[in-house]
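Novice: here is the input, now give the coordinates:
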Amino acid sequence: MKTNYLLTAAFVTLLTFSSCKEKDPNKVPENPKDGQEYKDDNNNRWVWNSLMGAWLIRSAMGGGNHYYYPATNKWTDANGTALAGKPSYITNTTVNKVQQSYKANSTAAKQTTKSSPAKRQVFGKTGRTSSPIS
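Specialist: Prediction:
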């Protein structure tokens, strides 16, 4: 009998520890919260700004800060001046990861958004006619 309790306790403990996952800082967050960070392959820090809907990129090489707006695929410098393309210290692989994460989030958001219900008759037909009584 004690063996069954020990096996059950060991199994429950194993399930508990296996379900705990540490967040990987090198993975783009699927639904980033304000201030959540992501570190890319070149050690650049990406910090999500939910108010702006943009990633603030802090260069590991000291190239200044830049903003990336995934909804429009636009880049700006720290002063808000639009850039013609991505900064040179950002790799295409990193941008693709961020874009894929953004597309997955926006698709999921569209699927979970409910449209307003169609207007329909509440009580059915009333039996009244629209023609005047003569």
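Novice: list of residues touching stretch 82-97?
Specialist: Outside stretch 82-97, the residues within contact range by Cβ atoms under 8 Å, 6 or more residues apart in numbering are 28, 40-42, 44, 57, 59-61, 63-64, 66, 68, 74-77. Yep, even glycine has a C-beta here, placed from its N, CA and C like the rest.
Novice: let's see that with 6 Å instead.
Specialist: Defining contact as Cβ atoms under 6 Å, 6 or more residues apart in numbering, one finds that stretch 82-97 is touched by Val28, Asp40, Ser59, Met61, Gly63, His66, Trp75, Thr76.
Novice: and the pLDDT for Leu15?
Specialist: Predicted confidence (pLDDT) for Leu15: 58.
Novice: ok, back up a step: buried members of the contacts of stretch 82-97 into PyMOL, please.
Specialist: Selection of buried members from these for PyMOL, criterion 16 or more other Cβ atoms under 10 Å:
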select buried, resi 28+40+59+66+75+76
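Novice: which residues of the protein fall in strands?
Specialist: Residue ranges of the strands in the chain, as given by DSSP state E, are 37-39, 45-49, 54-58, 65-69, 74-77.
Novice: quick one on the thing from earlier: which one of the contacts of stretch 82-97 is nearest to Gly53?
Specialist: Within the contacts of stretch 82-97, proximity to Gly53 (Cβ to Cβ) peaks at Thr76, which comes in at 12.4 Å.
Novice: just to revisit the earlier point, give me whichever of the strands of the chain is most buried.
Specialist: strand 54-58 (a mean of 21; mean count of other Cβ atoms under 10 Å).
Novice: re the thing from before, now render the strands of the chain as TSV, adding mean pLDDT and distance to Asn96.
Specialist: Compiled in TSV, the strands of the chain are given as follows (pLDDT from 0 to 100; distance: least, Cβ to Cβ, whole Å):
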stretch	mean pLDDT	distance to Asn96
strand 37-39	90	14
strand 45-49	92	14
strand 54-58	91	14
strand 65-69	92	12
strand 74-77	93	15
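Novice: want to throw these into JSON lines with distance to Gln100?
Specialist: Compiled in JSON lines, these are given as follows (distance: least, Cβ to Cβ, whole Å):
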{"stretch": "strand 37-39", "distance to Gln100": "13"}
{"stretch": "strand 45-49", "distance to Gln100": "14"}
{"stretch": "strand 54-58", "distance to Gln100": "14"}
{"stretch": "strand 65-69", "distance to Gln100": "14"}
{"stretch": "strand 74-77", "distance to Gln100": "17"}
